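Asks: What follows is a predicted protein model with its sequence.
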Amino acid sequence: MFVDKQAVDKLREGLLSHYLPDLQNSKRALKELTHNQLILLDTLDQEVTKFRECNGLLDLSSLFTEAKVYHNKLVNIRKEMIMLHEKTTKLKKKALKLQQQKQKEALEKEQQREKELERERQLIAKPAKR
């Protein structure tokens, strides 16, 4: 079987001229679509990064709020400790005064008892000396 080379060339050119513009348009559209998809992917990546940063900021905000609460608790505990320290200092001073007063009273009782003993000794009749 013999095929004319000219006929094959003409068929090829006709086929190419018929489908080539559509294929080139499709190729151009696919390139544009691929380019637009890359841009969209970059934009989405940036948005995801922004959302992560926002979530990080929310976490920071909650941490700062929690830190403020704990700081207030620490301030209150410190105030209570200062108040308790002052009360214990006052109680120690009062206890020391009471102890000194009791010692003074005990000393006075002892002195009074000695005076009474001395008085009783003096009141006891002594035999006359010869």
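Replies: Structure received.
Asks: What helix or strand is the residue nearest to the spatial centre of the chain located in?
Replies: The residue lying closest to the centre of the chain (Cα atoms, centre = their mean) is A67, at 4.4 Å. According to DSSP states H and E, A67 maps onto helix 5-123.
Asks: And the average pLDDT for that helix is what?
Replies: Mean pLDDT, helix 5-123: 93.
Asks: That helix packs against which elements?
Replies: Contacts defined by 3 or more Cβ pairs under 8 Å, 6 or more residues apart in numbering; DSSP states H and E place helix 5-123 against no helix or strand at all. (C-beta placed from N, C-alpha, C; glycine too.)
Asks: Off-centre distance for that helix?
Replies: Its chain's average C-alpha position is 3 Å from that of helix 5-123, according to Cα atoms, centre = their mean, to the nearest Å.
Asks: re earlier: L117 versus the residue nearest to the centre of the chain, what's the distance?
Replies: Distance of A67 to L117, given as Cβ to Cβ, to the nearest Å: 73 Å.
Asks: can you check V69 too?
Replies: For V69, the distance to L117 - Cβ to Cβ - is 71 Å.
Asks: Equivalent analysis for Q111, please.
Replies: As judged by Cβ to Cβ, Q111 and L117 stand 11 Å apart.
Asks: now swap in F64 and tell me
Replies: To L117, F64 is 78 Å away according to Cβ to Cβ.
Asks: and the gap between the residue nearest to the centre of the chain and S61?
Replies: Remark: distance between A67 and S61 (Cβ to Cβ) = 11 Å.
Asks: now P127, what's its secondary structure?
Replies: coil (DSSP: H, G, I helix; E, B strand; the rest coil).
Asks: and it, how many residues sit next to it?
Replies: 5 (other Cβ atoms under 10 Å).
Asks: what do you get for V8?
Replies: Counted with other Cβ under 10 Å, the neighbours of V8 add up to 10.
Asks: swap in K104?
Replies: 10.
Asks: The one 3 residues further on now?
Replies: L107: 10 surrounding residues under other Cβ under 10 Å.
Asks: Same check on the one 10 residues further on?
Replies: Residues within reach of L117, counting by other Cβ under 10 Å, total 10.
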